[in-house]
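Colleague: any chance you can model this:
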Amino acid sequence: MKTFYKNYSLSVLLILGISIINTSCQQKTKEKQEGKNKKDSRPNIIILYADDLGYGDLSCYGATNVATPNIDKLAENGLRFTDAHSTAATCSPSRYSLLTGIYGFRKKAGILSGDAPLLISPKTPTLPSMLQKSGYKTGVVGKWHLGLGSGPLDWNKEIKPGPLEIGFDYSFLIPATGDRVPSVYVENHHVVGLDSLDPIKVDFKNPIDASPKAYENPELLRYASDRQHSEAIINGVGRIGYMSGGNNARWKDEEFPDLLTNKASAFIDRNKEQPFFLYYSFHDIHVPRLPNPRFKGATKMGPRGDAIAQMDWCVGEIVKQLEDLGIADNTLILFSSDNGPVLNDGYEDQSVELIGNHKPSGPFRGGKYSAYEAGTRMPTIAYWPNKIKKGLSNALLSQIDLYASFASLVGIKLQDGEAPDSQNLVDAWLGKSPKGRTFLVEESLVTSLRKENWKYIPPTNKKTNHWLPQKGIEGGYQNTPQLYDLENDVKELNNLAALKPELVDELKKVLKEIIN
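Modeller: Next comes the predicted model:
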C-alpha cells in the first residue's frame, strides 16, 4: 500500500510538472507569436529614389519612347500619384528634407561640392534614426550628395561623420554625384578598395598633378563635356574637380546598376527576419550617363533613355528579391525622384538630339532648377500588396511629409522640434484619404507656394539667362509676382497675379509665415 501511494504521489507530481512545462511552453509560444505579430505590424520600408527623373519619363506616366515594365507593375498594383512633389528642384535640398523633415532653405542647402562637410548635423533627428527607435535596421545605398566629414576631408582615413552618425546602420555610397570627384565608393567609414600606397587627393580649385585634364585632352574622352565637367578624367569621362591617386578604388560607371543593386539586395537579405528601412538612391538618370552595355540600345533616345531602362531593371531586381524571400507582402515601397528632368546637363550624350517626341516633364513646364511645376512634381508610386488599394491619387503631397507619416505608421510619437516641417499624411500616402496638403512649398532659386491648385511664384532678380536656356529649361524666374491656376493652366502660361491681387497677398503672407 505504501508503495502504491508513493507511486501515486510521484505520478501526480509528474503530471503537475508536465502541466507546468506545457503551460510555460504555451505562454512562451503565445509571447513569441505576439512578438511576431507585433513585428509583422511594422512593415519593411524601402524608398527607391531616382535622380533627375521627370514626371513624363515613365511609361506608366505616359512615356512611349521608353518602356518601364517593372515600375509600371508597381503602379498597376499600387497607388500612382499625380500631384506628389520633391521639396526642391535640385538634389541636395530634396534629400536633406526627405531625411530630416526640414525645408532645405532653413539650412541654406544648395547643390553641394564633392568635398562638402556633412549637411545633416549628427544632433538632428532623422528619418532613419526615428525608425531605429522602433527596432528597424536601416541602410542607405547609392548616391549620397549630403556631404561627409566635418571639415577638410582626408579620403585615406576614417570618413566620419556620415550616414552612420545620423541613423543608418549600413551605408554604401557614391559620395556626391557621378560627375564629381572623388570617383570612388565609400562603405560605412572607408573608401572601398583603397591602396594605402596610392593615396587619394582631391581639389576643386587647382590641378593636383600632371595627369591629363579633360579641358586639355578632349581626344581622351568618350564624349565631350562643358568646361565645368572637364577637369579630372575618370573612366574616359571629364568630371568636376581634380583627383589623383586611388586608382584601384576608382569606379566604372557601367558597374553602378549591378554593384549598387547587389549591395541593396545584400542588406535586405541580412535583415529579412526583422523590420528594415532601405533608402536606395539610384545614380540614374543623372549625368554622366554610361549605361551597362546590356542596356545600350534599349531605347532610341541614347544614353538617357537607356539609363531609364537600366533603372527600371534595378527596381525589378529589388521587387523580385522581396517576392523570393516571401516578404513582399510586408514591405512598403515608395518610388519617386529627387527633382525634375534635364537633358544636356554638361555632357554631349545626344540627349537633346535623340529626344524625338518624348516629353520628360510630361504636361508640365520647366524641369530641374526650375520654379515651374516640372521642377518638383515627381512620378511617385506607393506599393504595399494587400495594404494599399491600387488606383490613382490626386492628393497634394510632399516628400518632406514621409518622415511624420512613417512615424505614425510605426507608432512613433515625434518629439517637440523633430521634423518641424513634416506633416502626418499617412492616410493619403496609403490611399485611405484623398486629402493631402492645403499649402505646399516648392524650392528652387526662389521659394514658391501652392495652395491647392493655385501656384504663387514670388518675384526675383536672380539671373539665369546665362545657363538655363542652354539646358533647354524654362526657369520661371521673373521680377514680378506670378500666379497660376493649375486646374485650368497646367503649363503655367497665364499669369493671373494682376487680376487676383488679394490671393497674391494671401499666398505671399502664408509663404512669409512658413519661411519665418
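
Colleague: neighbours around the closest residue to Pro385 other than its chain neighbours, how many?
Modeller: Leaving aside its sequence neighbours, Pro385 sits nearest to Asp329 (Cβ to Cβ, 6 or more residues apart in numbering; 4.8 Å). Where you see a C-beta, it was placed from the backbone N, CA and C, and this is true even at glycine. Asp329: 13 surrounding residues under other Cβ atoms under 10 Å.

Colleague: renumber starting at 36 from here on
Modeller: Yes, from this point I'll number from 36; that puts the last item at Asp364.

Colleague: three-state assignment of Asp364?
Modeller: With DSSP: H, G, I helix; E, B strand; the rest coil as the basis, Asp364 sits in helix.

Colleague: who's in contact with it?
Modeller: Residues near Asp364 by Cβ atoms under 8 Å, 6 or more residues apart in numbering: Pro420, Asn421, Lys422.

Colleague: so what's the second one closest to, chain neighbours aside?
Modeller: Taking Cβ to Cβ, 6+ apart, and ignoring the residues beside it in sequence, Asn421 has Asp364 as its nearest neighbour in space, at 5.8 Å.

Colleague: check what pLDDT that neighbour gets.
Modeller: pLDDT for Asp364: 97.

Colleague: so it versus Lys287, what's the distance?
Modeller: 37 Å (Cβ to Cβ, to the nearest Å).

Colleague: rewinding a little: out of the contacts of Asp364, which comes closest to Ser300?
Modeller: Nearest to Ser300 among these is Pro420, at 19.1 Å by Cβ to Cβ.

Colleague: now that closest one: which helix or strand?
Modeller: Assessed by DSSP states H and E, Pro420 sits outside every helix and strand.

Colleague: related to what we said a few turns ago, in JSON lines: the contacts of Asp364, plus neighbour count.
Modeller: Formatted as JSON lines, the contacts of Asp364 follow (neighbours: other Cβ atoms under 10 Å):
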{"residue": "Pro420", "neighbour count": "16"}
{"residue": "Asn421", "neighbour count": "8"}
{"residue": "Lys422", "neighbour count": "15"}
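
Colleague: neighbours around the residue lying closest to Leu369 once chain neighbours are set aside, how many?
Modeller: Excluding the flanking residues, the one nearest Leu369 by Cβ to Cβ, 6+ apart is Ile82, at 5.1 Å. Ile82 has 21 neighbouring residues, counting by other Cβ under 10 Å.

Colleague: partners of the host helix or strand of Ile82 in the sheet?
Modeller: Element membership of Ile82, judged by DSSP H and E, is strand 79-85. Using DSSP bridges, the strands paired with strand 79-85 are strand 311-316 (parallel), strand 366-372 (parallel).

Colleague: what's the following helix or strand after it?
Modeller: Using DSSP H and E, the next helix or strand after strand 79-85 towards the C-terminus is helix 104-112.

Colleague: and that following helix, what does it pack onto?
Modeller: helix 338-360, strand 366-372, strand 415-418 (3 or more Cβ pairs under 8 Å, 6 or more residues apart in numbering; DSSP states H and E).

Colleague: closest one to Pro152 among the ones you listed?
Modeller: Of all the helices and strands packed on helix 104-112, strand 366-372 comes closest under Cβ to Cβ, at 25.7 Å.

Colleague: what's in contact with that closest one?
Modeller: Strand 366-372 has contacts (Cβ under 8 Å, 6+ apart) with 78-89, 106, 109, 113, 119, 121, 350, 353-354, 357, 413-419, 422-423, 434, 437, 444, 464.

Colleague: any idea how far the residue nearest to Pro420 is from Asn112?
Modeller: For Asp364, the distance to Asn112 - Cβ to Cβ - is 12 Å.
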